[in-house]
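any chance you could fold what I've pasted below:
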Amino acid sequence: MLMLKNILAFSVIIVFSLQINAQENVPNVDLRTIGGKSLKSIDILNNEGFSIISFWATWCIPCINELDAINDLYDSWNEKYNIKVVAVSTDDARSKKRVRPMVSGKNWAFDVYVDTNQEFKRSLNVSGIPHTIVVYGSKIIHRRIGYTPGEEKDLLNIISKYNQ
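Residues are numbered from 1 along each chain as shown. This is a model prediction of the structure:
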């Protein structure tokens, strides 16, 4: 009986993993700038190169740490690989008022968008944050959930290997 439960649990994990990784391209859904302007998710990408999409929230300390670390490297990444970084806030109606002041205080060099209704997050099967997606054109080439200091450098390694 225990063996059957283990096999069933393993099967569920496999199916769930395949569903998460099944998405091949970034879907075209509505987003907003922190100023309120509406646009499509496909329009925020670097269509001629790499984009890093980072889903974050104002209450998520690992998210903010990752975005700070990416910001420190952003200029050199952009020079070498033409990388566009896009931070997508998943703050809900209660916490979205904190997004603009935080972004202003952080002075991040990349674009920040809000996904208040979580449509973009759901369309990409993002379940936890920080959730970072590396995209070439509109094709998803890598996903990572969570953040440990230093992992921002792994993103550049993925891009450099894909670029060869």
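
list the contacts of the residue most central in space within the chain.
Against the mean C-alpha coordinate of the chain, by CA atoms, centre = their mean, the closest residue is S54 at 2.6 Å. Residues counted as contacts of S54 (CB atoms under 8 Å, 6 or more residues apart in numbering) are C63, E66, L67, I70, V85, V86, A87, V88, P130, H131, T132, I133. In this view, the C-beta of every residue, glycine as well, is placed from N, C-alpha and C.

helix, strand, or coil at it?
Classification of S54 into helix, strand or coil gives strand, according to DSSP: H, G, I helix; E, B strand; the rest coil.

let me know the pLDDT of it.
pLDDT for S54: 97.

can you redo the contacts of S54 as TSV with neighbour count, secondary structure and distance to S41?
What follows is the contacts of S54, written out as TSV (neighbours: other CB atoms under 10 Å; DSSP: H, G, I helix; E, B strand; the rest coil; distance: CB to CB, whole Å):
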residue	neighbour count	secondary structure	distance to S41
C63	23	helix	19
E66	25	helix	20
L67	26	helix	18
I70	23	helix	19
V85	24	strand	15
V86	20	strand	9
A87	26	strand	13
V88	24	strand	9
P130	24	coil	18
H131	22	strand	14
T132	26	strand	16
I133	21	strand	11
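
show me where the protein has strands.
Along the chain, counting by DSSP state E, strands occupy 30-33, 38-40, 50-56, 83-89, 111-114, 131-136, 139-145.

does the first one pack against any helices or strands, and if so which?
When you say that, I think you mean strand 30-33. Of the remaining helices and strands, those touching strand 30-33 by 3 or more CB pairs under 8 Å, 6 or more residues apart in numbering; DSSP states H and E are strand 38-40, strand 111-114, helix 119-123.

show me what the second one is packed against.
What that stands for is strand 111-114. With contacts defined as 3+ CB pairs under 8 Å, 6+ apart, the secondary structure elements packing on strand 111-114 are strand 30-33, strand 83-89, helix 99-106.

that'll do, ta.
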